[in-house]
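Colleague: next input, structure requested:
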Amino acid sequence: MKKILYPLYFLLVFLLLDGGVGYIYHRVLADKSKLRIKSTRYHHDLRSQFSGIDLWGDFKQSYRTNSLGFRDRDTGTIALVTTSKKRVVFIGDSFTEGVGVSFDSSFVGRIASTWQSRNIEVLNAGVVTYSPRLYYLKMKEWIENQHLSFDHLVVILDNADIQDEIVYEKWTPGFWHYSTSLSVYEKAQIRFNKIITPSISWDQEDYYKERDKWLYEPALYHKWASRGFSLALQNIKKLQQLCLSNQRKLTLVIFPRPEQIRRGAVSDSYVKAWTNFCKQEKIPLVNLYGYFIETDPAQAARVIRSYFIPGDVHWNDQGHQLVSNALLNELNIN
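Modeller: Next up is the predicted model:
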């Protein structure tokens, strides 16, 4: 009996020490000047009540987060429950977080300023490289465990989400993500998946190089979208059920990247997939393709130059202004 108990005992002690050391490192000893942190609930997050600088390419931007860890104009405390005003939450990836611009210049910041007079509070839950799986996990945490009250959730879908769904497919929340051993195991698992699944490349170079091309090249569509779209639709369906069961309204938003603007088509496989899904599930969909894509293809270069950060796929101040105006016009918040 002792031959069995002793190994189990030492394994238990090892796991407790491994997780405990990881917890202390990430939660106690971690550099408080770092904005971006690990989350055991939904993979990664922004540090709450952070005030400092974040770098995005050549852009050095002042950054603040509120008590929820959501990007905001100040580090104030946000009440979990509010009955005095309507509350709208935006969630998405780097476009929603607003990288490369100030909070007040971002479309979320602009909408927040406009809706203040209507007694509508706006919260920005977006973080870089989020995707539908993380949208669902984050909202599940804040609705069911943190009991954050809000009336309407607006999800900004990026076509890069389709690749990211594959990246996050196997990720599950839990305390074990503080484990150093698990970190080593996860890296080994990625290597193993690359060997047994040659149709999916986990190389960072391919991941970014093929970011937009999968929409147009059949081989890359098969490589990323065949699985990625299925996962995205499943996770948005879960998010819809979460919102329905907790009396929250849900709206989805799609938009074109520079590659789609260059090609000049107001519809593609991405637009058709989300349009069909939203029609079937009766989810309001806001399509921003028409706000960026001109009928004259020769205008594409001017549009990209006007609304995007040079050498980047993200919106500049004018791009965020365009998105803000479009959403103020299109969103049905009542």
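Colleague: host element of the residue nearest to residue 124 when sequence neighbours are not counted?
Modeller: Excluding its sequence neighbours, the residue lying closest to residue 124 (Cβ to Cβ, 6 or more residues apart in numbering) is residue 108, at 4.3 Å. Every C-beta, even on glycine, is put in place using the N, C-alpha and C of the backbone. Assigned by DSSP states H and E, residue 108 belongs to helix 107-115.
Colleague: please apply the same query to residue 38.
Modeller: strand 36-39.
Colleague: may I see the buried residues of that strand?
Modeller: 37, 39 (16 or more other Cβ atoms under 10 Å).
Colleague: which elements pack onto the following helix or strand past that strand?
Modeller: Under the assignment DSSP H and E, the closest C-terminal helix or strand after strand 36-39 is strand 43-46. The contact analysis (3 or more Cβ pairs under 8 Å, 6 or more residues apart in numbering; DSSP states H and E) places strand 43-46 against strand 36-39, helix 132-140.
Colleague: Throw these into TSV and include mean pLDDT and distance to residue 53, thanks.
Modeller: Listed next are those as TSV, based on pLDDT from 0 to 100; distance: least, Cβ to Cβ, whole Å:
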stretch	mean pLDDT	distance to residue 53
strand 36-39	91	13
helix 132-140	98	24
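Colleague: element containing residue 154?
Modeller: strand 152-157.
Colleague: so for that strand, mean pLDDT?
Modeller: Taken as a whole, strand 152-157 has a mean pLDDT of 98.
Colleague: so what are the sheet partners of that strand and their directions?
Modeller: Note on strand 152-157: by DSSP bridges, its sheet partners are strand 86-91 (parallel), strand 249-254 (parallel).
Colleague: residues in contact with that strand: which ones?
Modeller: With Cβ atoms under 8 Å, 6 or more residues apart in numbering as the test, strand 152-157 has contacts from 86-93, 95-96, 126, 132, 135, 139, 232, 236, 239, 243, 248-255, 274, 327, 331, 333.
Colleague: please state the offset of the helix or strand just after that strand from the chain centre?
Modeller: Once the chain leaves strand 152-157, the next helix or strand it forms, by DSSP H and E, is helix 161-168. Remark: helix 161-168 is offset 11 Å from the chain centroid, using Cα atoms, centre = their mean, to the nearest Å.
Colleague: packing partners for helix 161-168?
Modeller: helix 132-140, helix 226-245.
Colleague: most tightly surrounded among these?
Modeller: Among those, the stretch with the highest mean neighbour count (mean count of other Cβ atoms under 10 Å) is helix 132-140, at a mean of 24.
Colleague: now the closest residue to residue 143 other than its chain neighbours: how far from residue 140?
Modeller: Closest residue to residue 143 apart from its sequence neighbours, by Cβ to Cβ, 6+ apart: residue 246 at 5.3 Å. Counting by Cβ to Cβ, to the nearest Å, the gap from residue 246 to residue 140 is 10 Å.
Colleague: could you do residue 323 as well?
Modeller: Separation of residue 323 from residue 140 (Cβ to Cβ) stands at 27 Å.
Colleague: now do residue 213
Modeller: Applying Cβ to Cβ, the value for residue 213 to residue 140 is 32 Å.
Colleague: rewinding a little: surely the residue nearest to residue 143 and residue 142 touch.
Modeller: No - with contact defined as Cβ atoms under 8 Å, residue 246 does not reach residue 142; the gap is 10.5 Å.
Colleague: and these two? Which one has more around it.
Modeller: The neighbour comparison of residue 246 against residue 142 (other Cβ atoms under 10 Å) goes to residue 142, with 23 against 15.
Colleague: look up the closest residue to the more buried one, ignoring the ones flanking it.
Modeller: Residue 142 sits nearest to residue 148 (Cβ to Cβ, 6+ apart), 4.3 Å away.
Colleague: name the SS class of that neighbour, please.
Modeller: Secondary structure, DSSP: H, G, I helix; E, B strand; the rest coil: residue 148 is coil.
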